[in-house]
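S.K.: Got a sequence here, can you build the structure:
(one chain, ligands or ions: 2)
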Amino acid sequence: MTAFPAGTILGYPRIGRRRELKKAVEAFWAGRIDEAALETTAAGLRAATRERLAELGLGREDSAIPESFSYYDQVLDAALTVGAIPSRFEDLRDADGTIGLPAYFTAARGEGDRAPLEMTKWFDSNYHYLVPEIGPETVFSLSSSRLVDQVAEAVAAGFRTRPVIVGPVTLLALAKASDASPDGFDPLSRLDDVVAVYVELLAKLKAAGADWVQLDEPALVSESLPATTVQLADAAQRALVVLGGAADRPQILVAAPYAALGEVLPVLASAPIEAIAIDLVRGAVPESLPDLAGKTLVGGVIDGHNIWRGDLRGAFDKLEALRALGAPAVSASTSTSLLHVPHDVTDESKLDARLVSWLAFADQKVEQVTALARGLVEDRAAVADALDAATAALADRQTAPGVRDGAVRARALAEADFSRVSYEEREAAQLALDLPALPLTTIGSFPQTGDIRRARAQFTRGELPQDDYEAFLRTEIDRVVALQEDLGLDVLVHGEAERNDMVQYFAENLDGFAVTENGWVQSYGSRATRPSILWGDVSRPAPITVSWSAYAQSLSAKHVKGMLTGPVTILAWSFVRDDQPLGETANQVALALRDEITDLEAAGIAIIQVDEPALRELLPLKKADQAAYLEWSVNSFRLATGGAAAPTQIHTHLCYSEFGVVIDAIRALDADVTSIEAARSRMEVVADIAKYGFDHGVGPGVYDIHSPRVPSVAEIESLLRRATSELPLRQLWVNPDCGLKTRGYDETVASLRNIVEATHRVREDVNVPA
Ligand code: GLN
Ligand code: ZN
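M.R.: Ligands and ions are numbered 1, 2, ... in the order given. Got it, this is the predicted structure:
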């Protein structure tokens, strides 16, 4: 029995400070390196991570360092470790029955006729996980030794690390029923079978040298899953009795972050485990503690979601409060895995020094945790300097110029600013747009080619003069518009070549934001984004998108959609100031966008899309918090779009298919047309839309852009027929699931051709002239 370390983190970014993992994985996919070379790079990254974490103050041999590497996704890792591979990939197992990298990556990405696993957002973050498919036919068996091997690898390097794996309840709670399942099948009904495999895994982890294991069970705190919290708590109780009762196992830490533990705490307190991690950033310190029977309480007091240095003194107060409540042992930790923040703020050479002094990226958070841990082991006085320095930075932030801008705050809002005329009136006015039935469009971006990225990099480094860069971008627009004309799309886009990222681009052009050089955060698989830092009051010094949209419109007699990112998404994909309510910040962004829409209209743009792919993602996990969130988020969208004239068609785009969950909010956005992801979930969303009686325009995606696969005409046609059978024709649009920026041109053009062809077939059939 070794005690739980005084300080730890729940997980660490795995992509590498310079996205080394992304580069290696993509080189492997492209056939440029072999599997052994990929494994070598990954092992090198893991070794570097352990050394770095030890250097930052986590113990080498006390299980403080999490073993939290993943090649693609931790949910996929857990699913495949217990053998839950959908039958369409079964034949890809290695000869000995284990699931190796080829099967792993194929399940993640799809190939030919084998559709990949669905992908969706991980709790209230912008990280996407792969949705396991589990049915009565799933045969659970230990099918991968990866995690065990990593523990052994660490031991060989002189470390004793703490393996981290998604726990059995969360794995099943996030799963969907496999295609072979009978109606109403609940993956949670397979709990006992899965737990049996975890028992086996725990024994192997122990044998490899793990003193502690971390089971991530965030499903237990979510009220946004199909299973109720009571069902989830029951499942946890059953699972932990078996896991905790196993004869041969490491000590168990159960982590249930992303919201308050609430009623789950007593359940975990009575389980035969040794430690509980509790999120004290999203949840408050409980008023009292149940009998913890000797367990360590791991207080998640350092925010794993955000990059602010924060109130370290307040964090220490929370740990002391846990002690005062009688917790048998208290450790300091991050609230969640540090997966959601970039590696190291010292990698930023261009950020203003004053701003840097307010920030903590992953490595700085590790240092904060180790300071708190020292305070716990010694006393508060031992870490007074660290606590005081953080408090001084907070005070400095409050008074720095730009944090509060008088002109921004002086803009008064009236009730009428949040509404347009009725949908009926708008629909009538928009007949003048003269669109065919099933109008064909795309979501906005076209492939970001190597040429585009090179030109942008040269421009950013000052090697390409602005005039030349802009001329280059106009040539891109020429090409993209001509391509869309040639394909026969109805509503065109300019292609977004000028945007590195849909949020960062606006951040760079608005006051109140800063952007990083190396602040990458994993979004899904090998994809990473660089969230901007929204630190001050937001305003628009000049029009942002108008010249590009107007230029594109000048090239075509068809409508070109203006393309903006909505306020909620700008907030969701940035690191946002935490010194005022989000709704206040959202309205500042909304006003800047509202002015942009007015300018687009004046420039002759008749259709304007305001993307809100993140609307669902920020939805609080607790039901009690959801109404307030939906109110401010919907209002900010309405404030942004409320100034548009009736004939201007406002589109929005949402990046997921769980339409039902936020249907009231989508209705309240009151966009004229909403495009939504649907291809991966095979148009299931259309039934939801029909059921809810949503009557505005809707474009359920017919092409899964997360996968390199080209959908066939027949496949798209059948998706479209499903849509036309459930929804009136006048409502329907045809579009891909999302923007095309991550795809290559060949697959994009082939897919769009198939979409156009399938649409023509369906149009003929419904007797509408194409
Ligand atoms: N307009 C954006 C694009 O096409 C939307 C992307 C998104 O929703 N994530 O790239
Ligand atoms: Zn999208």
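S.K.: could you list every residue that touches the closest residue to ligand 1 within the stretch 251-400 of the chain?
M.R.: Ligand 1 sits closest to residue 340 of the stretch 251-400 of the chain, with a gap of 17.6 Å, by C-beta to the nearest ligand atom. Where C-beta positions appear, they are placed from N, C-alpha and C, glycine not excepted. By C-beta atoms under 8 Å, 6 or more residues apart in numbering, the residues touching residue 340 are 125, 126, 127, 304, 305, 521.
S.K.: now the first one: how far from residue 451?
M.R.: Using C-beta to C-beta, to the nearest Å, one obtains 33 Å as the distance from residue 125 to residue 451.
S.K.: which one of those two has more residues nearby?
M.R.: Between residue 125 and residue 451, counted using other C-beta atoms under 10 Å, residue 125 has the larger neighbour count: 21 against 12.
S.K.: Can you give me the pLDDT of the more buried one?
M.R.: Residue 125 is assigned 89 on the pLDDT scale.
S.K.: so residue 664 is in which element?
M.R.: Assigned by DSSP states H and E, residue 664 belongs to helix 663-669.
S.K.: In that helix, which residues have enough neighbours to count as buried?
M.R.: For helix 663-669, a neighbour-count test (16 or more other C-beta atoms under 10 Å) marks 663, 665, 666, 667, 669 as buried.
S.K.: Thought residue 626 was touching the second one, still the case?
M.R.: No: in this structure, residue 665 is not within contact of residue 626 by C-beta atoms under 8 Å, at 9.3 Å.
S.K.: related to what we said a few turns ago, please convert the buried members of the contacts of residue 340 into ChimeraX selection syntax.
M.R.: Here is the ChimeraX command that selects only those of these that count as buried (16+ other C-beta under 10 Å):
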select :125,126,127,304,305,521
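S.K.: out of the contacts of residue 340, which are inside helices?
M.R.: Taking DSSP state H, every one of the contacts of residue 340 sits outside helices.
S.K.: Specify the local secondary structure of residue 738.
M.R.: When classified by DSSP: H, G, I helix; E, B strand; the rest coil, residue 738 comes out as coil.
S.K.: Provide a list of residues in contact with it.
M.R.: So residue 738 contacts 443, 613, 653, 655, 677, 701, 705, 706 (C-beta under 8 Å, 6+ apart).
S.K.: What is the burial count for the closest residue in space to it that isn't next to it in sequence?
M.R.: Spatial nearest neighbour of residue 738, chain neighbours left out: residue 705 (4.9 Å); criterion: C-beta to C-beta, 6 or more residues apart in numbering. Here the number of neighbours of residue 705 (other C-beta under 10 Å) works out to 24.
S.K.: three-state assignment of residue 516?
M.R.: Of the three states, residue 516 takes coil under three-state DSSP.
S.K.: That one against residue 349, yeah?
M.R.: No: judged on C-beta under 8 Å, residue 516 makes no contact with residue 349 at a distance of 10.2 Å.
S.K.: Compare neighbour counts for these two and give me the winner.
M.R.: Between residue 516 and residue 349, counting by other C-beta under 10 Å, residue 516 is the more crowded of the two (22 against 8).
S.K.: Against residue 20, how distant is the more buried one?
M.R.: Per C-beta to C-beta, residue 516 is found 18 Å from residue 20.
S.K.: Tell me where the stretch 451-600 of the chain has helices.
M.R.: Remark: helices assigned in the stretch 451-600 of the chain by DSSP state H, counting those that start in this stretch are 466-487, 504-509, 546-554, 567-572, 582-602.
S.K.: I should have written the stretch 1-150 of the chain there, sorry.
M.R.: Under DSSP H, counting those that start in this stretch, the stretch 1-150 of the chain gives helices at 20-29, 35-55, 74-81, 101-109, 146-156.
S.K.: how about the residue of the stretch 151-300 of the chain found nearest ligand 1, what does it touch?
M.R.: The minimum distance from the stretch 151-300 of the chain to ligand 1, using C-beta to the nearest ligand atom, falls at residue 224 (20.4 Å). Residues in contact with residue 224, defined by C-beta under 8 Å, 6+ apart, are 619, 621, 661.
S.K.: cool, residue 300 as well?
M.R.: So residue 300 contacts 10, 257, 277, 278, 279, 280, 281, 333, 334, 335, 336 (C-beta under 8 Å, 6+ apart).
S.K.: Which pLDDT value goes with residue 589?
M.R.: The model's pLDDT for residue 589 equals 98.
S.K.: Run a quick neighbour tally on the nearest residue to it once chain neighbours are set aside.
M.R.: Excluding its sequence neighbours, the residue lying closest to residue 589 (C-beta to C-beta, 6+ apart) is residue 567, at 4.1 Å. Close neighbours of residue 567, defined as other C-beta under 10 Å, add up to 31.
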